[in-house]
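Q: 3D, please:
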Amino acid sequence: MTTVVVTVALLQYLGVFGPSEAVDLMYLAGLCLTLPVVTYLLTVVCENTTLVSQ
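A: Purely as a prediction, here's the structure:
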């Protein structure tokens, strides 16, 4: 999770996500809060679906 947040912060600073040399701390805080939840839910869904190839 830390790698994702640092990468997004760097891309924001470089100007890929918004104005250059600006880091949106509220966006990063939201990302820190939602990323584990979304990752967990995606893992649960993937583990509980049947594989088509079987």
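
Q: Next, work out how far apart Leu10 and Leu42 are.
A: Relative to Leu42, Leu10 is positioned 24 Å away (CB to CB, to the nearest Å). Glycine gets a C-beta too; all of them are placed from N, C-alpha and C.

Q: my bad, should have said Thr7
A: 19 Å.

Q: So which bits of whichever helix or strand Val8 is part of are buried?
A: Counting by DSSP states H and E, the element that carries Val8 is helix 2-14. Residues 8-9, 12 are the ones in helix 2-14 that count as buried (16 or more other CB atoms under 10 Å).

Q: Same list (those) but as a markdown table, adding distance to Asp24 and pLDDT.
A: What follows is the buried residues of helix 2-14, written out as a markdown table (distance: CB to CB, whole Å; pLDDT from 0 to 100):
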| residue | distance to Asp24 | pLDDT |
| --- | --- | --- |
| Val8 | 9 | 88 |
| Ala9 | 9 | 88 |
| Gln12 | 6 | 86 |
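
Q: ok, those vs Thr34, which is closest?
A: Using CB to CB, Val8 is the member of the buried residues of helix 2-14 that sits closest to Thr34, with 12.2 Å.

Q: Identify the residues contacting that closest one.
A: Applying CB atoms under 8 Å, 6 or more residues apart in numbering, we find Val8 in contact with 17, 27-28, 31.

Q: and Val23, which of the three is it?
A: Under the three-state scheme (DSSP: H, G, I helix; E, B strand; the rest coil), Val23 adopts coil.

Q: tell me what the strand or helix carrying Tyr27 is packed against?
A: Here Tyr27 sits within helix 25-47, counting by DSSP H and E. For helix 25-47, the packing partners by 3 or more CB pairs under 8 Å, 6 or more residues apart in numbering; DSSP states H and E come out as helix 2-14.

Q: Just the CA atoms of the helix it packs on, as CSV, please.
A: Only the C-alpha atoms of helix 2-14 are listed here, as CSV (Å, rounded to 0.1, in the frame of the first residue of the first chain):
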residue,chain,number,x,y,z
THR,A,2,2.8,2.4,0.8
THR,A,3,4.3,1.9,-2.7
VAL,A,4,1.0,2.8,-4.3
VAL,A,5,0.6,6.0,-2.2
VAL,A,6,4.2,7.1,-2.8
THR,A,7,3.8,6.5,-6.6
VAL,A,8,0.6,8.5,-6.8
ALA,A,9,2.1,11.3,-4.8
LEU,A,10,5.1,11.4,-7.1
LEU,A,11,2.9,11.4,-10.2
GLN,A,12,0.9,14.3,-8.7
TYR,A,13,4.1,16.2,-8.0
LEU,A,14,5.3,15.6,-11.5
